[in-house]
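Student: Sequence first, then the predicted structure, then my questions.
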Amino acid sequence: MTKPLLEIKNLHVWFKVFGGILRVLDGVNFTVMSEEKVGLVGETGCGKTTTMKAIMRLLSMPPAIIPKGEILFKGKDILRMNRAELQQIRKEKISMIFQDPTAALNPVFTIGTQIQDAVRFSGKSGRKMKKDEIKARAMQVLKEVSLPDQERVLHNYPIQLSGGMRQRVCISMALVSASELIIGDEPETSLDVTIKDQILRLLKELVEKHNTSIILISHALGTVKNMTDKVYVMYAGTMVELAKTKDLFAHPLHPYSKGLLAAIPRLTGGGIGEGIDGHIPEYINPPKGCRFHPRCKQVMPMCKDKKPPLFKVSEKHEVACFLFQNFGGDCIDK
Amino acid sequence: AERPFRTNWSWPTYIDPAVGSDFSSSTALVNLYDTLFYPDIKGDPQPHIAESWEVSADGLVWTIHLRQGIKFHDGTELTAEDVKFSMDRLITIGEGYAYLFKVIKSTEVLDKYTVVFHLNHPFGPFEAVMYRFYILNKDLVMANIERPGPYGDMGDYGKQYLLTHDAGSGPYMVKAFPLEEYLLMTIHPNYWIPIDPNAPDEYKMIGTCEPVTVRTAMSRRELEIADRWQPVEALDALEKINGIKIGEFDSGLSYYYMVNTKKPPTDDIHFRKAMAWALDYKTVINKVFPGSIQSRGPVNQSLPGADPTIFQYQRNLDKAMAELKQSKYYNQLDEYPVVVAFPSVPADNEKMALLFMSNMADIGIKVETLKVPWASIIEIMASEETSSHVAGVSVAPHYPEAGSLLESRYKSDSVATWEQNEWLLDSKFDAMIEDALKTVNREERFVKYSKTQQYIMDLCPTLFIFDMMAKHPYQVGYIDWPAARGEVIPVMGYNLAGRFIKVYPDKRAELLK
Amino acid sequence: MGRTIKFIAKRLAFSVFVLVGLSILIFVIARVMPGNPARMALGARAPEWVVERLREEMHLNEPLYVQYYYWAKGALHGNFGISLVTRRSVANDIKAFFPASLELALYAGIFMGIIGIVLGTISGWYANTWVDNLVRIISYMGIVTPSFVFAIFFVLIFSYVLEILPTIGRLTPGVVPPPSVTGVITFDALITGRFDVFFDALKHLLLPAISLAMGPLSQEARITRASLVDNVQKDYIASERSCGIPERTIMFKYLLKPSLIPTITIYGLDFASILGNAFLVELIFNWPGLSRYGMNAMLQKDLNAITAVVLVLGLVFIIANIVVDLTVGYLDPRIGLGTERSSE
Amino acid sequence: MQKKSLTQEELSRRWENIRRNWYKFSRNPLSITGLVMICIILFFTIFAPFVSPYPESAGKFINFYEASQPPSLNHLCGTDAFGRDILTRIFFGCRYSLIMGVTVLLLIVPVGVVLGLIAGYHRGSWLEIVIMRITDIFIAVPPLILALAVCSVLTPSIFNAMLAISIAWWPWYTRLVYGIASSLKEEFFVKSAEVTGANKMYILFREILLNCISPILTKMSLDMGWIILIGSSLSFVGLGAQPPTPDLGSMVADGSKYLPDQWWISVFPAFAIMLIVLSFNLFGDGIRDTLGVERG
Amino acid sequence: MRLPVFYFRILEVIALTNNILFVDHLEKYFFTYQGIVKAVDGISFFIKEGETFGLVGESGSGKSTVAYTVVGMYRPTKGKIIYKGDKDISQDSRKRPLAIKKEIQIVYQDPGTSLNPSMTIKDILELPLKVHNISKNHEDRIKKVKELLEMVQLPVSYTYKYPSMIGGGEKQMVAIARALATNPSFVLLDEPTSALDVSVQAKLINMLIQFQKKFKLSYLFITHDLSLMRNVASRVAIMYLGKLCEIAPSSEFFKNPLHPYTQMLLSSIPVISDEEEALKPKKIISKGEIPSPVNIPPGCSFHFRCHKKMDICSCEDPIITEVNEGHTVRCHLYTK
Ligand SMILES: Nc1ncnc2c1ncn2[C@@H]1O[C@H](COP(=O)(O)OP(=O)(O)OP(=O)(O)O)[C@@H](O)[C@H]1O
Ligand SMILES: Nc1ncnc2c1ncn2[C@@H]1O[C@H](COP(=O)(O)OP(=O)(O)OP(=O)(O)O)[C@@H](O)[C@H]1O
Ligand SMILES: [Mg+2]
Ligand SMILES: [Mg+2]
């Protein structure tokens, strides 16, 4: 837990679209230590998926541009890797689980084909695996995600499985090709409560068993709370707060985090907080300064023209809000 | 095959003598079957299967003596029985050329080589008609009859079999006949007349008239003689190719604008005459159908019995206007547009129609075109109401004599067929032509023909436009074709009899280099 | 498997219905044609009694539904009546012409499939580059040019100017056709081991088949491209990439298969309509095909032939559709295994 | 006063939508090319009598003494076998082609669409079965063959050719609309209108039809090309317009007899057909891109 | 034949209280190629006037089908739906009188598909006004449309926008405005917030609660989010495979869940605070998935996921028992 496994520095991602340029990511900083479980929360459209796709270089580049920033994986910039190196990363280091397991599995191939291909192209390059070896490995990973009757599942098409089973398959595919980092992009949102619970527990177990790091994206804060050590709160393409999970839920600092937490309905009842007024800004013409300021109840004049850097409020708790600029500590950005 | 000969025609082609009667069928039949008489280049009858013949004084009994030892393609001998069988079959089936043999009352076999035809009434052009009577192999046909069929005891009378097989004794025999594609015939090695060694050993009739295709095939020497319906421009282009020439001869075919004499405004003779005066015959024969000759009356000038003195209209707008003024429709020309119907192939018909349109416009007659497939022409001419004012159709004689055309064009029983759009229905004319045909004496008959032609001319029921020159592009470089040299037999189909054509494969090979 | 058989059985039952409907439709169209088909068949000078005899033979004097009854009775026994033009039984004619058409359509289908998909794939893979633009322009040209125009130009260029390919018919004159087993010459030649004939027949097939294939081919190329471009964006491709599967495998396996599904749907339709739309091309190349036969039948009011040809084309269309549905169902388990919902 | 301002608001909204769509449409140079080509073609067709060099060539004019002249300054596309100016005939020919396309579409789109709507909305009922089975029957024959069959029943004329094409073509609209309507029928907005109590007319012609419009428009503009092609094929076998009507299909058909020496007689009309069809295809693709993404 | 106790109680309740809706042994089957889907399999419940009745269940349990049947999209296969004590509305929507249609409105789960993408907001909101003759003329309608927009706190400038131009939360607001346009007294909310962010959800729920007070609305609130349910519903029903497992007043329900399935649901909820954690039943680990409604297991349909499974469960379907006042449960554990 000394060196960061993954470090994103000042990442900018823009999309070229009809009306102009969507400046979606606006200087994202993000760090994952090895064997760390990191959560990333934020409203829909705030750029979570975009960040993660950028890590895997899965953004299709004609609409997307990365004008600035670095994504260091063990000190090496993924954005500048050549094809073979990138392939190496994808094959055995990092993998991603998508939000919608139905969309993330190729509908016209059997689960077997897909997993076995993932197995075939994973692991140490150069060594060719034999057919039964591949199959055995595929069965093994399916077993690991507690899918019953693996033999049958291998012959099934995605449509023949239930949502929960599909997500398990996705997880198993990710396991095959990730020994260091798994990115879970809302792997549970499209599932039912009970199944969601099962999947998350499974994921947590696996991550702990394999000593893998995980980035768990969600906009359901409850999920993140149970699953992670550290949480980043993202808003409109920037990280607005980062803290130990416990700290964040106990004392959220950023007005956005506060609003978000307040809006969550509690099992204890007593009504629901008001929620945050307004919605995510349009990325073509994002607000100047702090991107949250048009929705912020505690807005100050300076928020309108200066982008707040991350202020260190305490060890392991940083927040990008001028309300906390006098808390001292170092300023990480720039 | 060493000396293939290929020509192209339009479909359909029937090689059953009791069914086929059009151009391509006639050509095929000439090559596959033998007839009693054979026409010479004047159209006069020469002995063929008939060695000699005599006619009774009253003209009702014709006795024919057959040549002996003639073998059908399967080797059986041709006898009087076969002749009788063929005639009975033709008349019973009633299709194809059967209508020419209405005069025949009965056929009688005198002995193995003598056959007697009894007629209903004297019939002058008997020998000429007999060019269309093909002799079938009775045994072969009987062996291939399918029962039941529409002809009682005779089942289908061998019709199915004869669709794709021949039962003849002619110089060629059918080898393959994939429908609508081609008819392939090979030479009959033991034909009773020795065939020139250079005559084609394989004769193929291909079923397409597409100019582009013909053009390419000609230039690649895959076609020896092309059909006669190629448009002028295509002919020009073909003629430019080395080794290809256009063989021209009078086809016996005449092109008519048949004017409906019962329908206003063309029921008015002045109106018809005005049209006849207004038409630009010169342009037609120079530009639209170059090389053809302006018609002289209803009969093609190449036919025996045509009157060479008949009056010809020339374009004269003054006279046209004068006639038009006498017509009762003169003041309502716009209300009476003249519809001219013509078949969509050959393409030059359209030129003719537009020329007509433009000529008539000069005297204020409005013309509308009706370009339709051939089948529709037949259909609209089938009744008086649907038939158009003018139908542009070319007609060939059924046998080489003026009487054939006169009868088929104007006799009352030919209305509602595509050979008459005039709806003349003139009993005086009917009597005249019947009388002429019954005249056995040739000279007398021809005088009567002349009178009939004059009579028609006075009625002006038709615009007699031109006598058509058949223009066949052919490979002058390596074939010898008598018709192109001027040895023309004026009976449809006979000019493409394979046994008179010679093919020189070495010269072809040279041209292909 | 049982599912597939059930599906085919259902579709076949349904197609019987369509065929019956189609036969009624076309039967009526053919019989309301003005004119007297019997007269037409027999020529101008056939005596009236002969014409009458033929009309009776064909039941033309009966009311329409009686005619249909006779026709249907015959049709059930495979007897579609006598063609007025060829004078043969229509069933025989179709037996003679259909293989030629089928052969043409098959080869056109092969060109269409292979070239169309290859072009589309190239175009989709290099989307928005000059290669893509070139392919798109070519495919536009293919779509907008009538097949007869292609046919005419091909004849001119390849046979007239360059003199490298034959223009008429199915075989060079003089080449003895192989014994007819299937009627499709190239197959017969292969079956009987006559390779010279095979290549000769192939040479004759080339131009008409390509002329026919050009339009549909372009269509296929465009559709393949569109669905490729569409599918590249899909999550599953991203997911496969994130598993480290190499680009080539993704392209030719994971991307191509789902992308071909719309192409195949169109392909079936196109293939079926090639048979019917071929007559102009068949005319130009003097190809003894069914659709030319059909066209002639229509121009010559050959009642029985018209009805039978349209039915055969309809049948081909239906079969092509069933095959497409099966193929798509096989390729795409979402459809093959999918649940058909019914509301109540 | 008030009302006026309201409608003005609405108008300005509409205008903005048009501008938006135009912006999207104009992003693709090919669509613009298509539009420009259509405009040019329209210009030449509408003003054919004024812009064509020899307007009389479109009528019964003939001059065999100037027949088959190659392209020259006098006759930019040469003359045909009748001595008529081909360029002029192309201008007028486009006119007939366009009239044919538009007429056929006007005839079939309303019928096909209404039938499709009814069948789609009543999915599962006998109405659907009747309509769609009839449609299936018509669809089972290739359109060209059906059009040919119908055409051969009628006397050849441009109007009958249009009728024949219409008979062969309407089911494709029924099928298109049926497909959309039967899936929209299950959509919540339709259900919600039903539950609110909207009548059937409203649901069919507002809720559902509005959503079919962009595919219909797209199909129409693509079909324009197909119809012209089919029309020209019919003319090719002589079942189209009567001479001397300048019809592009007949011009190609007739001209093909004079190939390759008098190539201009058929090549230019063929080119014109291709251009018209191409322009409508480009335009149609543009429409699809514009309207498809947002609503689809 | 045994009539469940519950049935008699219900009859009593009808007689005594003002029920806005009474659903009696409702069944809705779908006949598909795969077999009969028993989407709703004999459920009974009532909703009191002015209350929010929550319906919770996993995906595919038949919640939406209940709502659609009540609103008239489907005709019940069996059973009765009684509106306001005396109006039998068990027919389908076509035969339902306009007056009733006006009274009962629904908000759908997916804001994307419940608004016609080719109509402007104005067109969408106008429809109920037109159908129910609420405004006399065009002008009036536009005024009303703007009022409605203001009511759901949307800018008036949205009048002429298309749904695709506005965000998901806003679309749902429009859907709510449309439902309220007819002044209904009963609104069905079919997972109105499941596609939205928590912050938007909060706003929307607060607004709904406000409207309920203002217009005296009764809600049937469908969701699978128990935490949300806790905050909106006064009574909650749990649905599993077309059947109701448990009905209870909301506070009682969360304090004292009886049915093992309810307990499993509760234990699966991710929560953010320790107080909440305390409410969750411990040591119950969720397992299994909801089976396809085509082949419902025999006996209690939940038995093979149940952690308190008994022998009887796999062969006999339990009947409904009232355990406490207003707290009924369908489980063999409580039917001694
Ligand atoms: N390919 C693209 N082209 C254009 N814009 C895009 C593209 N991908 C993403 N965006 C834009 O980027 C923004 C952020 O998207 P992203 O998917 O990263 O959000 P998210 O936080 O993952 O949201 P969610 O919680 O819904 O998954 C969105 O507003 C979206 O419009
Ligand atoms: N029209 C229909 N035809 C056939 N089956 C249907 C139909 N509508 C619903 N079903 C089936 O009925 C069952 C219940 O569906 P329903 O939509 O009511 O569930 P739900 O509880 O609302 O689920 P969700 O939380 O996913 O919305 C499902 O299994 C579904 O497949
Ligand atoms: Mg995302
Ligand atoms: Mg639902």
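Tutor: Structure's in. What do you need? Numbering: from 1, shown residues only, chains lettered A, B, ... in the order given. Ligands and ions are numbered 1, 2, ... in the order given.

Student: residue ranges with poor pLDDT in the chain?
Tutor: Just so you know, I chose chain A. In the prediction, chain A carries residues with pLDDT under 70 at positions A:1-2, A:18, A:123-127, A:327-334.

Student: ah, no, chain B please
Tutor: Residue ranges of chain B with pLDDT under 70: B:180.

Student: Mind giving me the packing neighbours of the lengthiest helix in it?
Tutor: The helix spanning the most residues in chain B, taking DSSP state H as the definition, is helix B:442-459. In terms of contacts (3 or more Cβ pairs under 8 Å, 6 or more residues apart in numbering or on different chains; DSSP states H and E), helix B:442-459 is packed against helix B:402-410, helix B:427-438. Any C-beta I mention is one placed from the backbone N, CA and C, and that applies to glycine too.

Student: B:Glu222 and chain A, how far apart?
Tutor: B:Glu222 sits 50 Å away from chain A when distances are taken as Cβ to the nearest Cβ, to the nearest Å.

Student: At which residues are the helices of the chain located?
Tutor: Just going to use chain A. Counting by DSSP H, chain A has these helices, from start to end: A:48-56, A:83-88, A:101-104, A:111-120, A:131-144, A:150-155, A:163-176, A:193-210, A:221-227, A:245-250, A:255-262.

Student: Not quite, go with chain E.
Tutor: If you assign secondary structure with DSSP H, the helices in chain E sit at E:5-16, E:63-71, E:98-103, E:111-114, E:121-131, E:138-151, E:168-180, E:198-215, E:226-232, E:250-255, E:260-268, E:274-279.

Student: contacting residues around E:Gln236?
Tutor: For residue E:236 the amino acid is Val, not Gln. Taking Cβ atoms under 8 Å, 6 or more residues apart in numbering or on different chains, we find E:Val236 in contact with E:Phe53, E:Gly54, E:Leu55, E:Val56, E:Met229, E:Ile247, E:Ala248, E:Pro249, E:Ser250, E:Phe253.

Student: In JSON lines, list those along with distance to chain C.
Tutor: Converted to JSON lines, those look like this (distance: Cβ to the nearest Cβ, whole Å):
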{"residue": "E:Phe53", "distance to chain C": "26"}
{"residue": "E:Gly54", "distance to chain C": "27"}
{"residue": "E:Leu55", "distance to chain C": "22"}
{"residue": "E:Val56", "distance to chain C": "25"}
{"residue": "E:Met229", "distance to chain C": "29"}
{"residue": "E:Ile247", "distance to chain C": "28"}
{"residue": "E:Ala248", "distance to chain C": "33"}
{"residue": "E:Pro249", "distance to chain C": "35"}
{"residue": "E:Ser250", "distance to chain C": "34"}
{"residue": "E:Phe253", "distance to chain C": "34"}
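
Student: between the helices of chain E, which gets the lowest average pLDDT?
Tutor: Ranked by mean pLDDT, the helices of chain E bottom out at helix E:5-16, with a mean of 53.

Student: Can you tell me the closest non-neighbouring residue to whichever residue of the stretch 201-344 of chain C sits closest to ligand 1?
Tutor: For the stretch 201-344 of chain C, the residue positioned closest to ligand 1 under Cβ to the nearest ligand atom is C:Gln233, at a distance of 7.5 Å. For C:Gln233, the nearest residue in space outside its immediate sequence neighbours is A:Ser60; the separation is 6.7 Å by Cβ to Cβ, 6 or more residues apart in numbering or on different chains.

Student: count of neighbours near that neighbour?
Tutor: Taking other Cβ atoms under 10 Å in any protein chain shown as the criterion, the count of residues near A:Ser60 is 12.

Student: ditto for B:Pro346
Tutor: For B:Pro346, the count of nearby residues is 21 (other Cβ under 10 Å).

Student: residues in contact with it?
Tutor: Contact criterion Cβ under 8 Å, 6+ apart gives B:Trp229, B:Gln230, B:Pro231 as the residues in contact with B:Pro346.

Student: tell me the contacts of the last one?
Tutor: To tie it back to what came earlier, the one meant is B:Pro231. The neighbourhood of B:Pro231, defined by Cβ under 8 Å, 6+ apart, consists of B:Pro211, B:Pro346, B:Ala347, B:Asp348, D:Ala81, D:Lys257, D:Tyr258.

Student: Select from the residues you listed every entry located in helices.
Tutor: Residues from the contacts of B:Pro231 lying in helices, with DSSP H as the criterion: B:Pro211, B:Asp348.

Student: Mind picking the two most distant members of the contacts of B:Pro231?
Tutor: By the measure Cβ to Cβ, B:Pro346 and D:Tyr258 form the most distant pair in these, at 13.2 Å.

Student: Quickly note the distance from D:Ser214 to E:Ser118.
Tutor: Taking Cβ to Cβ, to the nearest Å as the measure, D:Ser214 and E:Ser118 are separated by 8 Å.

Student: Same question for C:Val281.
Tutor: In this structure, C:Val281 and E:Ser118 are 42 Å apart, going by Cβ to Cβ.
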